[in-house]
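Chemist: Provide a 3D model corresponding to the input given below.
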Amino acid sequence: MNVYLHSISGIEDAIISMYISKRNWSRELENHVFDVCERALDRRGRLLNPGEGNCTEEDRKQLDDWLSRLTKWGWKHVTLLRFIDMAITVEGLHRAGQDDWDSHAKRFNNRIIRSSTRLSSFSYEMSDWYKDKILPTDMALKLLNMECPEEIEVDGQTYVRAVNGYIRKGLEEQADVRRGLYMLSIPSTFLFKVDLAEWSHVFKERNQNGTANPEVKICCETIADQIEQFIPQFNRELFLKILN
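Modeler: Purely as a prediction, here's the structure:
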């Protein structure tokens with residue numbers, strides 16, 4: 001399984017929202033926020049060090065101050081953090097874990113797209129976590145040099161061999177029928193987008209101290225690591241503190 005944090009966006013808007021709520025906003029201030037963020041963040045939203053790109057020490061100091069204030073108030077006033085979006089691809093989480101992640105689709109505002117078992121085919125693939133832990137019956141029989149027949153007759157119907165079992169003859173090319181034999185250990189790839197406030201809830205439910213599947217925990221913790229690498233102020237302490 002691999003996890004890729006593509007981007008963190010909306011930091012500028014979250015900062016500006018702090019000033020609007022207290023009526024300290026001005027167009028000049030707004031443009032200043034945009035200018036500093038343009039220099040102190042890369043195009044993916046990663047915080048730059050002075051000397052990287054056009055980031056100066058003053059830019060970094062200013063943005064660090066804004067981020068500190070944003071997290072100081074945002075954990076309680078969570079609307080501030082809803083302006084911040086994160087886009088993430090997860091490659092190869094097992095399908096059962098994908099189902100667990102899908103349970104949070106509302107938290108993602110339904111912004112999640114996954115590998116379809118209807119539009120694509122799977123063989124005996126399985127996620128990294130399941131490799132060497134389970135052995136599908138077909139693979140076990142092959143290792144034992146036991147060949148299964150290509151066709152079998154049941155109640156007058158002919159079934160043809162497929163991945164993990166048999167399909168009634170004439171239906172073997174139908175994706176909706178084939179996927180009925182797929183195991184929950186098959187790898188699934190998905191892309192989702194989540195705001196910082198909603199991410200905190202997912203983290204609380206799926207982190208290493210919870211009761212989630214081990215591979216789901218690994219996924220969650222890897223995402224948390226990458227977010228903190230982008231923006232150090234967005235860390236586990238904050239995720240657990242946010243009232244959501």
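
Chemist: As a check, name the ranges of all helices in this structure.
Modeler: Assigned by DSSP state H, the chain shows helices spanning 11-21, 27-40, 57-74, 95-102, 137-143, 175-178, 196-206, 214-230, 236-241.

Chemist: what comes into contact with the worst-scoring helix or strand of the chain on mean pLDDT?
Modeler: Using mean pLDDT, DSSP states H and E, helix 137-143 stands out as the lowest-scoring helix or strand of the chain, at a mean of 91. Residues from elsewhere that reach helix 137-143 (C-beta atoms under 8 Å, 6 or more residues apart in numbering): 124, 135, 147-148, 163-164. All C-beta spots, glycine's among them, are computed from the backbone N, C-alpha and C.

Chemist: Now do Cys55: how many residues are near it, please.
Modeler: 20 (other C-beta atoms under 10 Å).

Chemist: Please name the nearest non-neighbouring residue to it.
Modeler: Excluding the flanking residues, the one nearest Cys55 by C-beta to C-beta, 6 or more residues apart in numbering is Leu48, at 4.0 Å.

Chemist: And Leu47, by the same measure?
Modeler: Ile231 (5.3 Å).

Chemist: mind checking pLDDT for that neighbour?
Modeler: pLDDT, Ile231: 98.

Chemist: still on that earlier bit, am I right that the residue nearest to Cys55 is in contact with Asp42?
Modeler: Yes. Using C-beta atoms under 8 Å, Leu48 is in contact with Asp42, at 5.9 Å.

Chemist: Could you save the contacts of helix 137-143 as JSON lines and add columns showing neighbour count?
Modeler: What follows is the contacts of helix 137-143, written out as JSON lines (neighbours: other C-beta atoms under 10 Å):
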{"residue": "Tyr124", "neighbour count": "14"}
{"residue": "Leu135", "neighbour count": "13"}
{"residue": "Glu147", "neighbour count": "9"}
{"residue": "Cys148", "neighbour count": "12"}
{"residue": "Val163", "neighbour count": "18"}
{"residue": "Asn164", "neighbour count": "18"}
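
Chemist: so which two of those are the farthest from each other?
Modeler: Leu135 and Glu147 (16.9 Å; C-beta to C-beta).

Chemist: circling back to that earlier point, quick check: which of the helices of the chain is nearest to Ile84?
Modeler: Using C-beta to C-beta, the nearest of the helices of the chain to Ile84 is helix 196-206, at 4.2 Å.

Chemist: now the angle from the closest one to helix 57-74?
Modeler: 70 degrees (axes from the mean of the first three to the mean of the last three C-alpha atoms, to 10 degrees).

Chemist: and helix 196-206, which residues are buried?
Modeler: 196-203, 205-206 (16 or more other C-beta atoms under 10 Å).

Chemist: hang on, the earlier thing: identify, out of the helices of the chain, the most deeply packed stretch.
Modeler: Scoring those by mean neighbour count under mean count of other C-beta atoms under 10 Å gives helix 196-206 as the most buried, with a mean of 21.

Chemist: Let me know the average pLDDT across that one.
Modeler: Here the average pLDDT along helix 196-206 is 98.

Chemist: which helices and strands sit right next to that helix?
Modeler: strand 85-94, helix 214-230, helix 236-241 (3 or more C-beta pairs under 8 Å, 6 or more residues apart in numbering; DSSP states H and E).
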